[in-house]
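Colleague: please find the sequence and the predicted model below.
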Amino acid sequence: MKGRLGSDCLGVMARLLPLLLLLVSLALPALPALAVAPADFPAGAPEGHVLDSADVLSRASTGELGARLANFESDHINANLVTVKRLDYNVDLDLFASELLSRWHGSDDDSDLLIAIDSGANAARIAADPTLLQRLPNALLESTADETMSVALRDGGRYRQATIDALSRLETVLAGQEDPGPPELIEQVAVVSNVPTKEETEESNALIWVAVLLVLGTLVPMATWWVFSR
């Protein structure tokens, strides 16, 4: 009799397990986008000078930025823009930009310039050939990425505007004019709110669902065993 009860309990649990797993998968937040590395990109630079793998630019913005980047060809500079959602765990944005710059190396007669934007971190890096560093020093590239672009990136993720600001500053220096420098930062007082954000609400709801399902996963087999053992 006990063997039959045990078999019945196992059968009920086996039928309930797929349902519980399905409910857990629906309750948990979606997995983050797959991480990428330079090797995941084409061997050659994009024809339009823009590769928006993070899908953060409209078609009009892509065309506009591509045209601005193409203007650098008059200075014998092959300039490109790439956006990513998430980098591989062992690749930071500096390394990514440097390696992709080498991967996209064009003609030996031209210098290469690459603007890389990580939309997940709202961060940017600018990499350039050593031959270009006399005209666009490392300090300028770092300041443009960390200060000039960061204003628009952190203000609602305005990726188009961040790129335009960077290109305008670099174009000014290439034209032989004085570096305008980064924009002046206006300190904003953060307003503390007790209202949870959408992300916090979703995370809280997911945790509640997981807790409920774990409790059910424990109580249902026990209740089934109790019913069949009477």
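Modeller: Everything's here; your move.
Colleague: what residues sit buried inside stretch 128-145?
Modeller: 128-129, 132, 136, 140-141, 143-145 (16 or more other Cβ atoms under 10 Å). Just so you know, the C-beta spots here come from the backbone N, C-alpha and C atoms, and that holds for glycine as well.
Colleague: max pairwise distance over those: which two?
Modeller: Within those, Asp129 and Ser143 form the most distant pair, 18.6 Å apart (Cβ to Cβ).
Colleague: give me the phi and psi angles of the spatially most central residue of the chain.
Modeller: Residue closest to the average C-alpha location in the chain (Cα atoms, centre = their mean): Lys85, at 2.3 Å. The phi and psi values for Lys85, taken as degrees, to the nearest 10, are phi -90, psi -40.
Colleague: compute the distance between it and Asp52, please.
Modeller: 10 Å (Cβ to Cβ, to the nearest Å).
Colleague: which secondary element of the protein has the worst mean pLDDT?
Modeller: Lowest by mean pLDDT, DSSP states H and E among the helices and strands of the chain is helix 2-27, with a mean of 55.
Colleague: quick one: which of the buried residues of stretch 128-145 sit in helices?
Modeller: Members of the buried residues of stretch 128-145 lying in helices (criterion: DSSP state H): 140-141, 143.
Colleague: could these go into TSV alongside distance to Gly157 and pLDDT?
Modeller: Formatted as TSV, those follow (distance: Cβ to Cβ, whole Å; pLDDT from 0 to 100):
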residue	distance to Gly157	pLDDT
Leu140	24	98
Leu141	22	98
Ser143	21	97
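Colleague: nearest to Ile117, of these?
Modeller: Nearest to Ile117 among these, with distances taken as Cβ to Cβ, is Leu141, at 14.1 Å.
Colleague: now the strands for the protein?
Modeller: Applying DSSP state E to the chain gives strands spanning 50-52, 77-84, 111-118, 123-128.
Colleague: can I get those strands in TSV with mean pLDDT and distance to Leu170?
Modeller: As requested, the strands of the chain are exported to TSV (pLDDT from 0 to 100; distance: least, Cβ to Cβ, whole Å):
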stretch	mean pLDDT	distance to Leu170
strand 50-52	97	16
strand 77-84	96	8
strand 111-118	97	8
strand 123-128	97	8
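Colleague: nearest to Ala175, of those strands?
Modeller: Using Cβ to Cβ, the nearest of the strands of the chain to Ala175 is strand 77-84, at 12.6 Å.
Colleague: and that closest one, what does it pack onto?
Modeller: The contact analysis (3 or more Cβ pairs under 8 Å, 6 or more residues apart in numbering; DSSP states H and E) places strand 77-84 against strand 50-52, helix 59-70, strand 111-118, helix 159-174.
Colleague: pick the most deeply packed of these.
Modeller: Highest mean neighbour count of those: strand 111-118, a mean of 24 (counted as mean count of other Cβ atoms under 10 Å).
Colleague: sheet-wise, list the partners of it with their directions.
Modeller: Next to strand 111-118 in the sheet, as set by DSSP bridges, lie strand 77-84 (parallel), strand 123-128 (antiparallel).
Colleague: tell me what angle that strand forms with helix 159-174.
Modeller: For strand 111-118 against helix 159-174, the angle by axes from the mean of the first three to the mean of the last three Cα atoms, to 10 degrees is 150 degrees.
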